[in-house]
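Participant: Mind looking at a prediction? Sequence and model below.
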Number of protein chains: 2
Amino acid sequence: MTAPAQPGLDPAIAARLKRDGAGLVPAVVQQHDTGEVLMLGWMDDEALARTLRSGRVTFWSRSRGEYWRKGDTSGHRQWVREVRLDCDGDTLLVKVDQEGPACHTGARTCFDADVLRADG
Amino acid sequence: MTAPAQPGLDPAIAARLKRDGAGLVPAVVQQHDTGEVLMLGWMDDEALARTLRSGRVTFWSRSRGEYWRKGDTSGHRQWVREVRLDCDGDTLLVKVDQEGPACHTGARTCFDADVLRADG
């Protein structure tokens, strides 16, 4: 007996995904209740499959070249509430419950520090 | 007398931007008051400069290979309230006041139609 195969990405979803040249799509991560945009990461088919299956957000790290389940090192886990694909099939929106800060700097979101323009 | 040169992107901002191989960064567009994530577009330095200068969101269209000021054709303009750069310098968050639907399908957002996972 062999172990049951891990199911990959649902073929019906895979058929709708439009990946970039590296096989990736951007995933916007949003806090489900406050609406804060926390960060943007990248997913390939496998990262999306793991995210959908496990309920823990998993990215492909472009800089490290490996899968990265958010919070495994930092403890700052992202628990999936909803995953949506956009009209073009080339961007994901992942609504989560974020434990602690989302940003590696310790800020709540990755967009807290650098304001390029603000209107009154 | 020549016309005054259009100023490009502020060099201090340009120095912080980390662009992909095509010279682009993803721009997450969010409705400033409701927090809805409306869409994701792409900007190069010039699109960002125009967005910051004019207060109307301008993208680079990867499919058409041209600048695209949102709403010029559809009337569904995006008025800038705030522009932020993330901790890595490779993603923009643009908070706007969206006129009408953001999506070319007529939906309010580009993420309305396709739910891949929803938790209770």
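Facilitator: Sure thing, it's come through. Numbering: from 1, shown residues only, chains lettered A, B, ... in the order given.
Participant: Rounded mean pLDDT for stretch A:86-98, please.
Facilitator: What stretch A:86-98 shows for mean pLDDT is 98.
Participant: Could you work out the end-to-end span of it for me?
Facilitator: Using C-alpha to C-alpha, to the nearest Å, the end-to-end distance of stretch A:86-98 comes to 22 Å.
Participant: From the structure, what's the count of residues near the closest residue to chain B within chain A?
Facilitator: The minimum distance from chain A to chain B, using C-beta to the nearest C-beta, falls at A:G35 (2.4 Å). Yep, even glycine has a C-beta here, placed from its N, CA and C like the rest. By the measure other C-beta atoms under 10 Å in any protein chain shown, the count of residues near A:G35 is 15.
Participant: Now for the residue positioned nearest the centre of chain A, which secondary structure element holds it?
Facilitator: In chain A, the residue lying closest to the centroid (C-alpha atoms, centre = their mean) is A:A27, at 4.7 Å. Taking DSSP states H and E as the definition, one finds A:A27 inside strand A:25-31.
Participant: next SSE after that strand?
Facilitator: Per DSSP H and E, strand A:25-31 leads on to strand A:37-43 as the next helix or strand towards the C-terminus.
Participant: How about the contacts made by the residue lying closest to A:E82 once chain neighbours are set aside?
Facilitator: Spatially, and ignoring its direct neighbours in sequence, A:E82 is nearest to A:K95 (4.1 Å; C-beta to C-beta, 6 or more residues apart in numbering or on different chains). A:K95 sits next to A:Q30, A:Q31, A:H32, A:V80, A:R81, A:E82, A:V83, A:R84 when contact means C-beta atoms under 8 Å, 6 or more residues apart in numbering or on different chains.
Participant: what do you get if the cut-off is 7 Å, keeping everything else the same?
Facilitator: When contacts are counted by C-beta atoms under 7 Å, 6 or more residues apart in numbering or on different chains, A:K95 is found next to A:Q30, A:H32, A:R81, A:E82.
Participant: Can I get those in JSON lines including pLDDT?
Facilitator: Converted to JSON lines, these look like this (pLDDT from 0 to 100):
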{"residue": "A:Q30", "pLDDT": "98"}
{"residue": "A:H32", "pLDDT": "98"}
{"residue": "A:R81", "pLDDT": "98"}
{"residue": "A:E82", "pLDDT": "98"}
